[in-house]
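# Give me the fold of what follows.
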Amino acid sequence: MQYSGESGVLFRNFAKLLAIIVNMMIEMQQAIVGFHLDEEQHYVAELACGHQQHVRHLPPWQNRPWVLTEQGRQEKIGMLLECKACEITQK
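Next comes the predicted model:
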């Protein structure tokens with residue numbers, strides 16, 4: 001499903017708010033709030049905690065075909081990932 005204009009802004013803000021609420025309830029699991037490409041053209045997930053995590057599709061080790069398309073990435077907004085940086089700072 002594609003959201004654009006005001007609907008897109010509302011959806012993204014809702015996703016961010018939902019991510020904040022979920023993060024308060026689940027430790028170390030952080031919601032994806034966006035994506036960007038790094039300098040080597042690998043996708044990086046932007047997490048609700050402010051940390052970032054690479055999300056690569058490198059079969060057979062990492063099987064994430066969804067990262068290759070805009071639609072696939074948008075469908076993963078709100079998905080929880082284990083944040084290693086949060087684990088380190090909490091220890």
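# which other helices and strands contact the strand ranked longest in the chain?
The longest strand of the chain (DSSP state E) is strand 29-37. Strand 29-37 sits against helix 5-25, strand 43-47, strand 80-82, with contacts defined as 3 or more CB pairs under 8 Å, 6 or more residues apart in numbering; DSSP states H and E. Heads up, the C-betas are built off the backbone N, CA and C, glycines and all.
# go again using 10 Å as the cut-off
Counting contacts by 3 or more CB pairs under 10 Å, 6 or more residues apart in numbering; DSSP states H and E, strand 29-37 is packed against helix 5-25, strand 43-47, strand 52-54, helix 70-75, strand 80-82, helix 84-90.
# Quick one: work out the angle between the longest one and strand 43-47.
For helix 5-25 against strand 43-47, the angle by axes from the mean of the first three to the mean of the last three CA atoms, to 10 degrees is 70 degrees.
# So which bits of helix 5-25 are buried?
In terms of neighbour count (16 or more other CB atoms under 10 Å), helix 5-25 has its buried residues at 11, 15-16, 19, 23.
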